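Q: Task: produce atomic coordinates for the following.
(one chain, ligands or ions: 1)
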Amino acid sequence: MKGKMNLDEYFRRIGFHGSYSKLDLATLKLIHKQHVMSLPFENLSVHCGDKITMDLEVIYDKIVRNSRGGCCLENNSLFGWVLREMGYDTVTLGARVDIDGCGSTDNHLVNKVVIDGKSYIADVSYGMSFQVREPLELVSGKDQPQAAGIFRLIDQGDVWVLEKTSRKPKLVNPEFNKLNLVNRDETKEIYRFSLTPVEVDHFFEICHFLQTDPNSLFINKSICSLQTPTGFRGLIGWTYSEVTYKPEEGIDVIDIRDISDDEIDQTLKEKFNIKLQNKLQPVNNKTCFTI
Ligand SMILES: CC(C)(COP(=O)(O)OP(=O)(O)OC[C@H]1O[C@@H](n2cnc3c(N)ncnc32)[C@H](O)[C@@H]1OP(=O)(O)O)[C@@H](O)C(=O)NCCC(=O)NCCS
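A: Okay, here's the model as predicted:
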């Protein structure tokens with residue numbers, strides 16, 4: 001399809017050096033994991049005078065060639081293209097994140113992959129603590145333990161719900177209790193989706209909304225997150241966190257602190273491998289937002 005896009009270049013970007021002659025689950029798991037460990041979930045374009053677009057060539061250039069990550073619409077569109085280029089049986093699905101009851105339209109994009117008659121949900125770009133490392137089996141009610149916690153897909157008839165049971169957060173810096181992190185629900189719905197495949201135009205309106213509506217999460221918080229072998233790193237506004245998963249103790253250790261404007265560029269570079277062309281204006285508003 002798109003002449004300027006190159007699968008090998010993408011594989012180099014995510015550090016995948018294996019063979020992909022076999023279109024099996026093991027290969028899918030591996031590239032999924034490499035993607036989330038290499039390419040950040042971030043909405044920084046909204047906060048440095050750029051635009052998020054659904055144009056695959058623009059997304060490819062941004063993420064694969066220009067040291068950037070992207071939001072779910074970008075990362076998962078790119079990942080869908082990769083899977084199709086490899087030859088996996090893949091369709092795009094629309095999902096709905098319902099934060100504070102405000103969500104009313106599909107605002108998240110995921111991929112469904114079928115291998116040997118079994119279906120899997122691949123999602124390389126939810127970000128932060130709800131990011132799956134590996135695709136999830138599309139099986140109702142089954143506990144699917146991963147590094148971040150226990151994920152579950154539940155068939156509710158016309159929709160499927162993704163939920164996660166988290167471990168208790170333990171803050172290294174107790175003054176950040178004000179963030180309400182310690183009272184987080186143990187089991188929380190992440191999003192819901194239907195299995196009816198959609199095309200890219202399904203997301204044009206929400207893509208515009210996310211970066212322009214005063215109530216949108218993306219307008220109210222600049223977010224960047226990257227999964228690491230032991231947990232994840234996050235930067236929301238000026239608040240930088242390093243989270244270490246301790247499944248054997250049943251906790252996630254959260255080391256969180258505010259950084260100064262002067263530290264932003266260096267943190268993005270050193271902790272997230274991101275280089276921005278324009279200056280970032282961090283934002284962290286507390287509000288009832290839609291995503
Ligand atoms: C930004 C986000 C953490 C807010 O979640 P929430 O459920 O509203 O709030 P939580 O109870 O988890 O956190 C409470 C507060 O702590 C902040 N917080 C939570 N985890 C944090 C972390 N690791 N680092 C810094 N701040 C954090 C939140 O921003 C929130 O701040 P606020 O009360 O000032 O608004 C959450 O929406 C998220 O993880 N977003 C990124 C992923 C995402 O939105 N993906 C969508 C795919 S398109």
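
Q: List the buried residues for stretch 84-97?
A: Across stretch 84-97, burial judged by 16 or more other C-beta atoms under 10 Å covers 84-86, 88, 90-97. The way it works is simple: take the backbone N, C-alpha and C, and place the C-beta from them, glycine included.

Q: Start and end of that stretch, how far apart?
A: Its first and final residues considered, stretch 84-97 spans 25 Å by C-alpha to C-alpha, to the nearest Å.

Q: who's in contact with it?
A: With contact meaning C-beta atoms under 8 Å, 6 or more residues apart in numbering, stretch 84-97 is reached by 1, 5, 7, 20, 23, 28, 76-77, 80, 83, 103, 105-115, 121-122, 162, 190-200, 202-203, 291.

Q: Of the buried residues of stretch 84-97, which fall within the contact range of the ligand?
A: Contacts with the ligand within the buried residues of stretch 84-97, counted by C-beta under 6 Å from any ligand atom: residue 97.

Q: any idea which of the buried residues of stretch 84-97 is closest to the ligand?
A: Using C-beta to the nearest ligand atom, residue 97 is the member of these that sits closest to the ligand, with 5.4 Å.

Q: any idea of the pLDDT on that closest one?
A: We have a pLDDT of 93 for residue 97.

Q: List the buried residues of the helix or strand where residue 12 lies.
A: Element membership of residue 12 [criterion: DSSP states H and E] is helix 7-14. By 16+ other C-beta under 10 Å, the buried positions in helix 7-14 come out as 10-11, 13-14.

Q: Past that helix, which element shows up next along the chain?
A: Assigned by DSSP H and E, the successor of helix 7-14 is helix 25-38.

Q: For that following helix, buried residues please.
A: 25, 27-28, 30-38.

Q: Kindly identify which of the residues you listed also come near the ligand.
A: Counting by C-beta under 6 Å from any ligand atom, the subset of the buried residues of helix 25-38 that neighbours the ligand is empty.

Q: Among those residues, which pair sits farthest apart?
A: The two members of the buried residues of helix 25-38 with the most space between them (C-beta to C-beta) are 25 and 38, at 20.3 Å.

Q: now the helices for the stretch 151-291 of the chain?
A: 204-212, 217-220, 261-272 (DSSP state H, counting those that start in this stretch).

Q: which helices and strands sit right next to the second one?
A: So the one you mean is helix 217-220. Under the contact criterion of 3 or more C-beta pairs under 8 Å, 6 or more residues apart in numbering; DSSP states H and E, helix 217-220 touches helix 204-212.

Q: Show me where the stretch 1-150 of the chain dips below the pLDDT cut-off.
A: 1-3, 99-103 (pLDDT under 70).

Q: and if we set it to 90?
A: Along the stretch 1-150 of the chain, segments meeting pLDDT under 90 span 1-4, 18-21, 98-105.

Q: Contact residues of it facing the ligand?
A: 71-72, 97, 99, 108, 126-128.

Q: Make a PyMOL selection of whichever of those residues turn out to be buried.
A: Per 16+ other C-beta under 10 Å, the buried members of those correspond to this PyMOL selection:
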select buried, resi 71+72+97+108+126+127+128
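
Q: that older thread, of the buried residues of stretch 84-97, which belong to helices?
A: Using DSSP state H, 84-86 are the members of the buried residues of stretch 84-97 that sit in helices.

Q: Show me which of the residues you listed is closest to residue 154.
A: When these are compared against residue 154 (criterion: C-beta to C-beta), the nearest one is residue 84, at 27.7 Å.

Q: Now distance to residue 170 too, for the buried residues of stretch 84-97, in TSV please.
A: What follows is the buried residues of stretch 84-97, written out as TSV (distance: C-beta to C-beta, whole Å):
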residue	distance to residue 170
84	42
85	42
86	40
88	39
90	39
91	40
92	38
93	35
94	36
95	30
96	31
97	26
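
Q: from the buried residues of stretch 84-97, which ones fall inside strands?
A: 90-96 (DSSP state E).

Q: of all those residues, which two lie farthest apart?
A: Between any two of these (C-beta to C-beta), the greatest distance is 20.3 Å, for 90 and 96.

Q: tell me the contacts of residue 170?
A: 251-254.

Q: who does it bridge with?
A: residue 253 (DSSP bridges).

Q: Then residue 160?
A: Beta-bridge partners of residue 160, as defined by DSSP bridges: residue 155, residue 193.
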